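> here is my input; please provide its structure:
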Amino acid sequence: MSKFVIGVIQVDTQDDKEKNTAALSRYIDEAAAHGAKMVAMPENVHYIGSKEGTFANAEPIPGPMSEFFSVKAKEHGIWLHCGSIGERIPDEKKLYNTSLLMNPKGEIVGRYEKIHLYDVDIENGPSTRESDTKKNGKNIVVCDTDFGKVGLSICYDMRFPELYRIMAIRGAKIMFVPANYTMFTGKDHWEVILRTRAIENQCYIVAPAQIGKKPAFQSYGRSMVVNPWGTVLCTAQDGEGVVYAEIDTEYVDAVRSQLPSLPNRRPEAYAW
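Presented below is the predicted three-dimensional model:
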């Protein structure tokens with residue numbers, strides 16, 4: 001299957017996990033009814049709140065949230081990119097920020113722990129340190145699906161092009177960037193970086209995002225899908241909901257054939 005519809009969910013996750021999960025369920029149902037064969041969600045879809053709440057609402061995998069995703073995937077017979085959740089690590093005081101990919105049977109076929117953690121200290125300004133609560137992952141992940149290979153990343157990862165180039169070299173034609181992006185950086189950088197990652201790697205970028213006021217900042221939203229030419233196929237408005245785009249993996253092949261920047265790489269010249 002080279003062509004399919006993807007549904008991209010934008011939500012305002014807060015500190016009530018039950019309410020957050022109910023919203024996800026409604027939007028997954030809506031996307032499936034619309035004909036989406038794959039549905040994608042933002043970063044931290046289960047809980048966004050206090051530091052104490054972040055730990056209290058974290059889960060092992062498998063666990064209640066992964067079981068919820070499994071049930072929804074099986075119910076509709078669709079692929080689910082599950083955004084990310086806080087994952088408890090045995091014998092660790094920190095969590096993983098973990099993204100899951102579910103097949104239509106409800107099986108976990110891919111998992112990725114966020115590699116690049118958002119640690120920013122601005123003099124006389126805000127301070128955000130994801131590493132206070134999270135442990136960085138170490139593995140780059142590309143998964144097989146019915147539609148071809150897909151690559152997994154999370155939010156701040158988007159600023160590190162090496163990650164996406166490696167996923168492209170490993171065959172990924174679709175790359176996911178679930179996010180909780182700040183308004184301050186998002187208004188200038190979000191679309192620019194996403195389109196750049198799509199153009200330079202000649203792939204689809206699927207970027208579901210959080211919207212709304214969070215404890216640390218205002219989330220930017222503007223969930224979007226970008227095609228391999230850098231064209232934005234859909235953008236969410238400033239609120240919760242689902243946006244849709246058609247993915248065509250044969251178009252990836254056509255762009256890579258007509259503008260062969262990946263095979264024209266010269267790795268022998270890049271050493272330092």
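> output stretch 135-146 as PDB, nothing but the C-alphas.
Only the C-alpha atoms of stretch 135-146 are listed here, as PDB (Å, rounded to 0.1, in the frame of the first residue of the first chain):
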ATOM      1  CA  LYS A 135      17.000  10.000  31.100                       C
ATOM      2  CA  ASN A 136      18.200  10.200  27.500                       C
ATOM      3  CA  GLY A 137      17.800   7.300  25.200                       C
ATOM      4  CA  LYS A 138      20.700   6.000  23.000                       C
ATOM      5  CA  ASN A 139      19.100   4.200  20.100                       C
ATOM      6  CA  ILE A 140      18.000   5.500  16.700                       C
ATOM      7  CA  VAL A 141      14.800   3.600  15.600                       C
ATOM      8  CA  VAL A 142      13.500   2.800  12.200                       C
ATOM      9  CA  CYS A 143      10.500   0.400  12.000                       C
ATOM     10  CA  ASP A 144       8.800  -1.600   9.300                       C
ATOM     11  CA  THR A 145       5.100  -0.900   8.500                       C
ATOM     12  CA  ASP A 146       2.600  -1.900   5.900                       C
END
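> for residue 96, what are its contacts?
Taking CB atoms under 8 Å, 6 or more residues apart in numbering as the definition of contact, the neighbours of residue 96 are 86, 87, 89, 113, 114, 134, 135, 137. (Each C-beta comes from the backbone N, C-alpha and C, glycine too.)
> ok, 10 Å please
By CB atoms under 10 Å, 6 or more residues apart in numbering, residue 96 lies in contact with 58, 61, 84-89, 111-114, 134-137.
> mind listing which of those residues are in strands?
85, 86, 87, 88, 111, 112, 113 (DSSP state E).
> now, the most widely separated pair of these?
Looking at those by CB to CB, the two members farthest from one another are 88 and 112, with 16.5 Å of separation.
> any stretches of the stretch 1-150 of the chain with poor pLDDT?
Low-confidence segments of the stretch 1-150 of the chain, defined by pLDDT under 70, are located at 123-127.
> who is residue 207 paired with across the strands?
Note on residue 207: beta-bridge partners by DSSP bridges are residue 224.
> quick one: contacts for it?
The contact partners of residue 207, taken as CB under 10 Å, 6+ apart, are 8, 10, 40, 42, 153, 155, 158, 175-179, 181, 190-191, 193-194, 197-198, 222-226, 235-236.
> still on that earlier bit, who's more crowded, residue 88 and residue 112?
Each of residue 88 and residue 112 had its neighbours counted (other CB atoms under 10 Å), and the higher figure belongs to residue 112 (24 against 15).
> ok, the nearest residue to the more buried one once chain neighbours are set aside - contacts?
Closest residue to residue 112 in three dimensions, ignoring its sequence neighbours and counting by CB to CB, 6 or more residues apart in numbering: residue 152, at 3.7 Å. The contact partners of residue 152, taken as CB under 10 Å, 6+ apart, are 81, 84, 98-101, 110-114, 139-143, 163, 167, 172, 175-178.
> quick one on the thing from earlier: counting neighbours, which of the ones in strands among the contacts of residue 96 end up buried?
85, 86, 87, 111, 112, 113 (16 or more other CB atoms under 10 Å).
> if I look at the fifth one, how far off is residue 250?
Distance check for residue 112 against residue 250: by CB to CB, to the nearest Å, it reads 26 Å.
> same check, this time on the last one
When CB to CB is the yardstick, residue 113 and residue 250 sit 32 Å from each other.
> and for the fourth one?
Here residue 111 is placed at a distance of 28 Å from residue 250 (CB to CB).
> thanks a lot, see you next time.
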